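In: Curious how this folds, go ahead:
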Amino acid sequence: MTPRFNERSVAVIAAGLVLLHAGAVLFSLQTPARLPLIHQFAGLAASLVAILGTVLAARGFSAGDYLRRVWTLFAASAVLLLVASLLRVGWMVAVPEVPFEHSALAAVRTLAVVVLNLLNAGALVLLALTYRRSGLQPPSSWKSHGLWALCTVVALAIVLPRLSTNVRLLIDGGASGSQTLASVVSAFGDLVTIVLVAPILRVAYMMRGGKLAWAWWAMAAAGAMWIVFDARPWDRMEGPLALLAVARTAAIALKGLSGVLQRVALEPEPVKQAAPSTLRAA
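Out: Presented below is the predicted three-dimensional model:
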């Protein structure tokens, strides 16, 4: 990885995207009609960071390696997220007077959302099991069980109300079927993401002090940002509450940063060369 493009530069880019998104939201509070497009553009930019980081991480492993499979799944889900965002943004710009849910592209986006959530959930499960394959089984304790229980309760409390509402809409046919199906699958994906914050945090804590730990901390932070995003009140997002949507941008960008940190951890330490002798032969 070149000095101009390393974990620090990616972290700056990710932080810049989050701040830019937040600033755009604050600037547009008086014109809330702009906010959906602002959120989508921010997600597009964050998706590019996610693709970059996850592809770099996948390419850091040899073909057939367990973690290459994990990061390849993350990269594929990031690409599909970009595709889903491009479909929505393209429609919103080209045909702003027609809701995207009524477009011919809605079904295509739903398929992309379903597949990306399956890939992302599968990658998270494989990543959470990495420590077992490497022999780094954390000891069981009341703290570890309590963390699992806390993440599970938080996931159920946040996701279940929205999930049950969307399932009823899907059964009753009271809303756009493709959009509601995408929401249902996304809710299941968010449920997996939040629950798996617990094992990812445990591994990050076990590896604290090392370079690899930062990749796990970043992935855990991405999960925490999804908690913030999913906990927002869906029925009223006016005013300052619109800032909570910035958490989605942070979550997506943090996944990319995690991939970059994973790649950095694989690189060998630079060999320090001894300073040339100042002595000269007589």
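In: rest of the way, CA atoms for contacts and neighbours
Out: OK.
In: which regions of the stretch 51-200 of the chain sit below the pLDDT cut-off?
Out: Low-confidence regions of the stretch 51-200 of the chain, defined by pLDDT under 70, span residues 131-142, 170, 172-178.
In: all helices for the protein, in order.
Out: 7-27, 35-59, 66-94, 106-128, 130-133, 142-172, 177-195, 197-206, 211-230, 246-266 (DSSP state H).
In: How about the residue nearest the centre of the chain, nearest residue that isn't a chain neighbour?
Out: In the chain, the C-alpha closest to the average C-alpha coordinate belongs to residue 252, at a distance of 3.4 Å (CA atoms, centre = their mean). By the measure of CA to CA, 6 or more residues apart in numbering, the closest residue to residue 252 outside its immediate chain neighbours is residue 46, 5.7 Å from it.
In: just checking, that neighbour touches residue 19?
Out: No: Residue 46 is not in contact with residue 19 according to CA atoms under 8 Å; the separation is 12.0 Å.
In: These two: who's more crowded?
Out: A count of neighbours by other CA atoms under 10 Å puts residue 46 above the other of residue 46 and residue 19, at 27 against 15.
In: Residue 24 contacts residue 38, doesn't it?
Out: Yes: applying CA under 8 Å as the test, residue 24 and residue 38 come out as touching, 7.1 Å apart.
In: How about the contacts made by the residue lying closest to residue 68 once chain neighbours are set aside?
Out: Leaving aside its sequence neighbours, residue 68 sits nearest to residue 58 (CA to CA, 6+ apart; 4.7 Å). In this structure, residue 58 makes contact with 67-72, 75, judged by CA atoms under 8 Å, 6 or more residues apart in numbering.
In: just residue 259 next, same as before
Out: 50, 53-57, 71, 215.
In: quick revisit: for the residue nearest to the centre of the chain, give its distance to residue 244.
Out: For residue 252, the distance to residue 244 under the criterion CA to CA, to the nearest Å works out to 14 Å.
In: list the contacts for residue 185?
Out: 113-114, 117.
In: One more: residue 242?
Out: Contacts here follow CA under 8 Å, 6+ apart; on that basis residue 242 touches 25, 35.
In: Looking at the contacts of residue 58, which one is closest to residue 124?
Out: Comparing the contacts of residue 58 against residue 124 with CA to CA places residue 70 closest, at 7.8 Å.
In: so the closest one touches residue 129, yeah?
Out: No: the pair formed by residue 70 and residue 129 falls short of the contact definition of CA under 8 Å, at 10.5 Å.
In: neighbour count winner among the two?
Out: A side-by-side neighbour count of residue 70 and residue 129, using other CA under 10 Å, places residue 70 first with 22 against 16.
In: quick one on the thing from earlier: include distance to residue 167 when you put the contacts of residue 259 into TSV, please.
Out: Shown next, in TSV, are these (distance: CA to CA, whole Å):
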residue	distance to residue 167
50	30
53	34
54	32
55	34
56	37
57	36
71	31
215	35
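In: between those, which is closest to residue 201?
Out: In terms of CA to CA, no member of the contacts of residue 259 lies closer to residue 201 than residue 215, at 10.8 Å.
In: how many neighbours does that closest one have?
Out: Residues lying near residue 215 (other CA under 10 Å) number 24.
In: measure it to residue 14 for me?
Out: 14 Å.
In: Same check on residue 126?
Out: Going from residue 126 to residue 14 by CA to CA gives 25 Å.
In: Nothing else from me, thank you.
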